[in-house]
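Asks: Give me a model of this one.
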Amino acid sequence: MLEGKKCLVIGSGVSGIGAVVLLEKNHADVVLYDSSDKLTGEDLKAKLPEGSRAACIAGELPENVELSIQAAVLSPGVPTDIPLVNRMRDRGVQILGEIELGFLAEQGRVIAITGTNGKTTTTTLTGEIMKAYFGKDKTFVVGNIGNPYTLEADKTSKDSVTVGEISSFQLETIHTFHPVVSAILNITPDHLNRHHTMEAYVAAKEAVASQQTKADICVLNYDNDYTRDFAGRCPATPVLFSSHQELENGYFLRGDKIIKSVNGEEHELMDIHKDMNLVGLCNVENVMAAIAIAEGMQVPMETILTVIRGFHAVEHRIEFVATKGGVDYYNDSKGTNPDAAIQGIKAMSRPTVLIGGGYDKQSEYDEWIDSFDGKVKCLVLIGQTREKIAECARKHGFDKIRFADTYEECLKLCTELAEPGDAVLLSPACASWGMFPNYEVRGQLFKEYVRGLAD
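Replies: Numbering: from 1, shown residues only. Below you'll find the model as predicted:
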């Protein structure tokens with residue numbers, strides 16, 4: 001596994017640090033590099049574990065170092081088409097990502113979950129089911145969920161299970177990555193500033209199954225045009241779920257019940273109101289996907305349903321925060337694109353003051369505005385996209401719009417606009433970058449503000 005090779009790790013975030021640690025354990029000669037001119041080599045060194053021998057370079061990479069590199073590991077945030085990567089690829093340098101590097105050290109079975117929305121909830125729930133059946137010490141939950149694969153991969157064994165939340169960025173740099181069960185929950189426009197075209201984004205998502213065979217399983221959403229189409233040409237055996245269509249084979253929602261059907265023979269599995277603590281149709285789909293994944297891993301249904309009954313919302317995803325002054329506050333900071341934010345609105349059952357706006361990922365907001373459907377009483381906008389969203393809203397006949405220059409001003413405005421019986425929903429339909437380091441910080445600040453309000 002790259003033993004003795006000169007390896008360049010590009011990016012000094014958690015994925016990059018994890019990659020350095022794993023490479024050094026496997027006796028590679030490592031250079032940690034970050035192109036930021038706001039960092040120094042000493043700053044990078046401080047991020048590494050004590051005793052690391054990795055060379056650390058920030059700013060511009062010297063040509064002699066670049067020419068000495070035999071393999072390059074890209075952090076997810078590093079585009080695959082930057083000049084440095086293109087030059088190395090042209091020289092025949094092996095280019096891989098953190099997920100591929102982790103898989104090279106993997107000894108057990110892997111579950112890989114991707115999709116535009118729902119990844120974190122489905123991955124977390126699947127991880128809890130695997131822990132309940134295979135044991136906590138035999139289950140590793142990794143990837144885009146915030147725990148680098150490279151920090152866990154060398155702990156795996158032949159009887160362990162790794163559950164990975166895998167983003168499109170991470171899927172651009174896989175080669176041998178082979179899950180026994182994969183899932184593509186849905187595909188809707190997102191990250192087009194990185195992938196440039198919808199076709200490239202779809203191809204990145206579909207790559208999760210690229211190394212699978214018919215002996216493996218790929219769980220797919222029947223209701224999504226892209227994933228339904230992929231079922232017909234997927235190299236793995238497709239297993240379908242649907243919240244809108246009754247299936248002869250697969251999992252579907254009928255009324256309040258999740259049904260499993262095998263060649264038309266139906267088995268009622270659970271009641272979504274009695275057996276689920278999660279709100280919204282999106283979470284019903286996440287639960288169906290998790291059931292399908294777990295059954296693909298031969299977990300007994302009794303174990304699956306027991307875990308689901310005790311499972312609560314993932315932090316920052318349609319998360320109930322508190323009731324203050326008769327107003328319910330919900331943190332959906334992970335609604336970082338319009339489709340995810342639509343699910344947040346669908347989950348609301350009362351007049352809602354909605355917080356929107358943030359970093360511009362070249363998204364379109366028409367369907368999001370249309371989903372307001374009389375529920376949104378006022379839209380409070382912040383960030384880079386606020387004018388773009390406001391223009392779109394007015395085009396669709398929605399003009400109950402307020403602007404805020406700061407996050408604190410925005411939150412104060414929302415509490416003033418909301419009346420007893422209303423909800424305030426942070427579901428911005430945009431990434432947090434520019435105002436916050438990540439969506440977690442955005443959501444945490446929202447929760448701190450709400451909890452500080454008088455009852």
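Asks: can you confirm residue 18 is in a strand?
Replies: No - secondary structure of residue 18 (DSSP: H, G, I helix; E, B strand; the rest coil): helix, not part of a strand.
Asks: in the stretch 151-300 of the chain, which spans are helices?
Replies: In the stretch 151-300 of the chain, the helices defined using DSSP state H, counting those that start in this stretch lie at 168-171, 192-195, 198-206, 225-231, 281-296.
Asks: Lowest average pLDDT across those?
Replies: For these, mean pLDDT drops lowest on helix 192-195, to a mean of 59.
Asks: what about the helices in the stretch 351-455 of the chain?
Replies: Remark: helices assigned in the stretch 351-455 of the chain by DSSP H, counting those that start in this stretch are 366-370, 386-395, 407-417, 439-451.
Asks: any chance of those in CSV, plus distance to residue 245 and mean pLDDT?
Replies: For every residue, glycine as well, the C-beta is placed using N, CA and C. As requested, the helices of the stretch 351-455 of the chain are arranged in CSV below (distance: least, Cβ to Cβ, whole Å; pLDDT from 0 to 100):
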stretch, distance to residue 245, mean pLDDT
helix 366-370, 20, 94
helix 386-395, 30, 96
helix 407-417, 37, 95
helix 439-451, 32, 95
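Asks: possible to save these as JSON lines with distance to residue 271 and mean neighbour count?
Replies: Output for these, formatted as JSON lines (distance: least, Cβ to Cβ, whole Å; neighbours: other Cβ atoms under 10 Å):
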{"stretch": "helix 366-370", "distance to residue 271": "30", "mean neighbour count": "17"}
{"stretch": "helix 386-395", "distance to residue 271": "37", "mean neighbour count": "17"}
{"stretch": "helix 407-417", "distance to residue 271": "34", "mean neighbour count": "17"}
{"stretch": "helix 439-451", "distance to residue 271": "30", "mean neighbour count": "18"}
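Asks: Dump the helices of the stretch 151-300 of the chain to JSON lines, plus mean neighbour count and distance to residue 255.
Replies: Output for those, formatted as JSON lines (neighbours: other Cβ atoms under 10 Å; distance: least, Cβ to Cβ, whole Å):
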{"stretch": "helix 168-171", "mean neighbour count": "24", "distance to residue 255": "34"}
{"stretch": "helix 192-195", "mean neighbour count": "17", "distance to residue 255": "37"}
{"stretch": "helix 198-206", "mean neighbour count": "18", "distance to residue 255": "31"}
{"stretch": "helix 225-231", "mean neighbour count": "18", "distance to residue 255": "22"}
{"stretch": "helix 281-296", "mean neighbour count": "25", "distance to residue 255": "11"}
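Asks: Could you say which one of those helices comes nearest to residue 5?
Replies: Proximity of those to residue 5 was assessed by Cβ to Cβ; the nearest stretch is helix 168-171, lying at 21.5 Å.
Asks: What helices and strands are in contact with the closest one?
Replies: For helix 168-171, the packing partners by 3 or more Cβ pairs under 8 Å, 6 or more residues apart in numbering; DSSP states H and E come out as helix 98-105, helix 192-195, helix 198-206.
Asks: Present the helices of the stretch 151-300 of the chain as TSV; the columns should include distance to residue 314.
Replies: Listed next are the helices of the stretch 151-300 of the chain as TSV, based on distance: least, Cβ to Cβ, whole Å:
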stretch	distance to residue 314
helix 168-171	19
helix 192-195	24
helix 198-206	21
helix 225-231	22
helix 281-296	9
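Asks: With respect to residue 47, which of those helices lies nearest?
Replies: Once those are compared by Cβ to Cβ, helix 168-171 is nearest, at 20.3 Å.
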